[in-house]
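A.B. asks: coords please:
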Amino acid sequence: MIFNNKSQDKEKVPVTSYGIKIEQNILLKPFTTFKVGGNADYFCRVSSVDELKEAVSFSRENNIPIFVLGGGSNILVSDNGFKGLVIKIEINGMSFKEDGDSVLISAFAGEDWDNVVELSVKKQLYGIENLSFIPGTVGASVVQNIGAYGTEIKNVVTSVEVFDTQNLKIIVLKKTECEFGYRDSIFKKPRGGNYIVTKVCFRLKKERKLNLSYKDIKKHFDTYTDIPTLKEVRKAIGIIRKNKFPNPKMFGTVGSFFKNPIVLNEEASRLKNEIPDIYMFTVDNCNKKISIAWILDNELGLKGFKKGNICLFENQPLVVVNLGGANAREIKNFTDNIAEKIYKKIKIKIIPEVVFVGKF
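C.D. replies: Reported below is the predicted structural model:
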């Protein structure tokens, strides 16, 4: 999330008069899972709301833009870096509160998302097990409204605590105020542009209720005669993801690069007439979601497509992989080219899931 202010010369900005440590010219590449990116003019880590307030005050007083960094797992940082202040959110901690047949979890924005899932599974709490092993932080999870295998985080969110950069105060948004959509939320829109997520509250169920409808999960448990346990579902998600995504320790990636487009039924009918076997599924009475992975594989033959040090992953073509040595401009050119090929085929403009940081 980028907060824009008028930028000014970094040499003119004093950084030693603030309580928090503000560093200059910090390479962002190590903070991103794509393993690319230039320097941030200014960089700081915040571990409390008070420190966040100081960082935002520094930005406001010196008229420089802010980029809020979580786990760096859904961003492409320009080779030119970011001409402003990068705030890395490291506000950690979580708590559990019994509430009838459910449990309320409060988790600070800097918590590793999968730590929350892992602990919830250990406590036999249902609702987020299908979101296992998604990289990133709790704060980023609601900004993106992460989803996988038939589940979205919006299904369990009750409220989101945010820091308002305009009045420098904490406010709490109800779930309905978060305007969750497909990989979308108010935090990605101009009207939510002054909010920095600090804490999220989830409601998970004690009752044994699993979502096993997604085809990959259903296939995994085909031979099971009993209902799988939470632990078994989490393990299955790990196996499925391992087969679909490259090893993040070896390669740079942000997972799925593009959103699957949602189109009106009339547009879906047009596509069905042109491509009878096209894979799509119903979103609601008026809309269908088109599988871009299917298009890339079956219509364009681009699964595993490689150019230079970048490729579409051989097991899941929605996943763009930095094989090593690629820079951000090359990744941007590669993905722009893929988007153009898709448009020529289906006449639909596809949108990246990824956030572009800095000037390309």
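A.B. asks: go through this structure and flag its longest helix.
C.D. replies: helix 328-346 (DSSP state H).
A.B. asks: quick one: that one to chain centroid distance?
C.D. replies: Helix 328-346 sits 20 Å away from the centroid of its parent chain (Cα atoms, centre = their mean, to the nearest Å).
A.B. asks: quick check: can you name the pairing partners of whichever helix or strand comes after that helix and their directions?
C.D. replies: Once helix 328-346 ends, the next helix or strand along the chain (criterion: DSSP states H and E) is strand 355-357. The pairing partners recorded for strand 355-357 under DSSP bridges are strand 75-77 (parallel).
A.B. asks: hang on, the earlier thing: which strands and helices sit next to the longest helix of the chain?
C.D. replies: Here helix 328-346 touches strand 75-77, strand 310-312, strand 319-322, going by 3 or more Cβ pairs under 8 Å, 6 or more residues apart in numbering; DSSP states H and E. For every residue, glycine as well, the C-beta is placed using N, CA and C.
A.B. asks: rerun that using 10 Å as the cut-off
C.D. replies: The contact analysis (3 or more Cβ pairs under 10 Å, 6 or more residues apart in numbering; DSSP states H and E) places helix 328-346 against strand 75-77, helix 265-274, helix 292-294, strand 306-307, strand 310-312, strand 319-322, strand 355-357.
A.B. asks: what is the mean pLDDT for the helix or strand following the longest one?
C.D. replies: Next along the chain after helix 265-274, taking DSSP H and E as the criterion, comes strand 280-282. Strand 280-282 carries an average pLDDT of 93.
A.B. asks: buried residues in strand 280-282?
C.D. replies: residue 280 (16 or more other Cβ atoms under 10 Å).
A.B. asks: likewise stretch 306-323?
C.D. replies: Quick answer for stretch 306-323 (16+ other Cβ under 10 Å): 309, 310, 311, 312, 313, 316, 317, 318, 319, 320, 321, 322.
A.B. asks: just the closest of these to residue 266, please.
C.D. replies: residue 318 (25.1 Å; Cβ to Cβ).
A.B. asks: check contacts around that closest one.
C.D. replies: Applying Cβ atoms under 10 Å, 6 or more residues apart in numbering to residue 318 gives the contacts 244, 255-260, 291-297, 303, 312, 338, 353.
A.B. asks: hmm, try it at 6 Å
C.D. replies: 256, 293 (Cβ atoms under 6 Å, 6 or more residues apart in numbering).
A.B. asks: now for the longest strand anywhere in the chain, which elements pack on it?
C.D. replies: As assigned by DSSP state E, the longest strand anywhere in the chain is strand 195-205. Where contact means 3 or more Cβ pairs under 6 Å, 6 or more residues apart in numbering; DSSP states H and E, strand 195-205 is packed against strand 102-108, helix 138-144, strand 157-164.
A.B. asks: which neighbouring elements make contact with the second one?
C.D. replies: Taking 3+ Cβ pairs under 6 Å, 6+ apart as the contact definition, the neighbouring helices and strands of helix 138-144 are strand 195-205.
A.B. asks: 8 Å instead?
C.D. replies: Using 3+ Cβ pairs under 8 Å, 6+ apart, helix 138-144 is in contact with helix 113-122, strand 195-205.
A.B. asks: likewise for the last one?
C.D. replies: If contacts are counted by 3+ Cβ pairs under 8 Å, 6+ apart, strand 157-164 sits against helix 49-62, strand 169-174, strand 195-205.
A.B. asks: adding distance to residue 226 and mean neighbour count, write these out as JSON lines.
C.D. replies: Below are the helices and strands packed on strand 157-164 laid out as JSON lines (distance: least, Cβ to Cβ, whole Å; neighbours: other Cβ atoms under 10 Å):
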{"stretch": "helix 49-62", "distance to residue 226": "46", "mean neighbour count": "19"}
{"stretch": "strand 169-174", "distance to residue 226": "39", "mean neighbour count": "14"}
{"stretch": "strand 195-205", "distance to residue 226": "20", "mean neighbour count": "23"}
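A.B. asks: related to what we said a few turns ago, so which of the helices and strands packed on helix 328-346 gets nearest residue 143?
C.D. replies: Of all the helices and strands packed on helix 328-346, strand 355-357 comes closest under Cβ to Cβ, at 8.9 Å.
A.B. asks: in that closest one, what's buried?
C.D. replies: 355, 357.
A.B. asks: hmm, who's touching that strand?
C.D. replies: 1, 2, 28, 37, 67, 74, 75, 76, 77, 78, 82, 332 (Cβ atoms under 8 Å, 6 or more residues apart in numbering).
A.B. asks: again, but for stretch 82-89
C.D. replies: 2, 5, 7, 22, 26, 28, 31, 38-46, 52, 55-56, 58-59, 64-70, 109-110, 137, 139, 196-198, 357-359.
A.B. asks: same question for it, mean pLDDT?
C.D. replies: Computed over stretch 82-89, the average pLDDT equals 98.
A.B. asks: what about stretch 93-111, how long is it end to end?
C.D. replies: Start-to-end span of stretch 93-111 (Cα to Cα, to the nearest Å) is 7 Å.
A.B. asks: now do the buried residues in that stretch.
C.D. replies: So, applying 16+ other Cβ under 10 Å, buried residues of stretch 93-111: 94, 102, 103, 105, 106, 107, 108, 109, 110, 111.
A.B. asks: for stretch 351-360, same thing?
C.D. replies: 352, 353, 354, 355, 357, 358.
A.B. asks: beta-bridge partners for the first one, please?
C.D. replies: With DSSP bridges as the criterion, residue 352 is bridged to residue 258.
A.B. asks: wait, isn't residue 316 in contact with residue 294?
C.D. replies: No - judged on Cβ atoms under 8 Å, residue 316 makes no contact with residue 294 at a distance of 11.1 Å.
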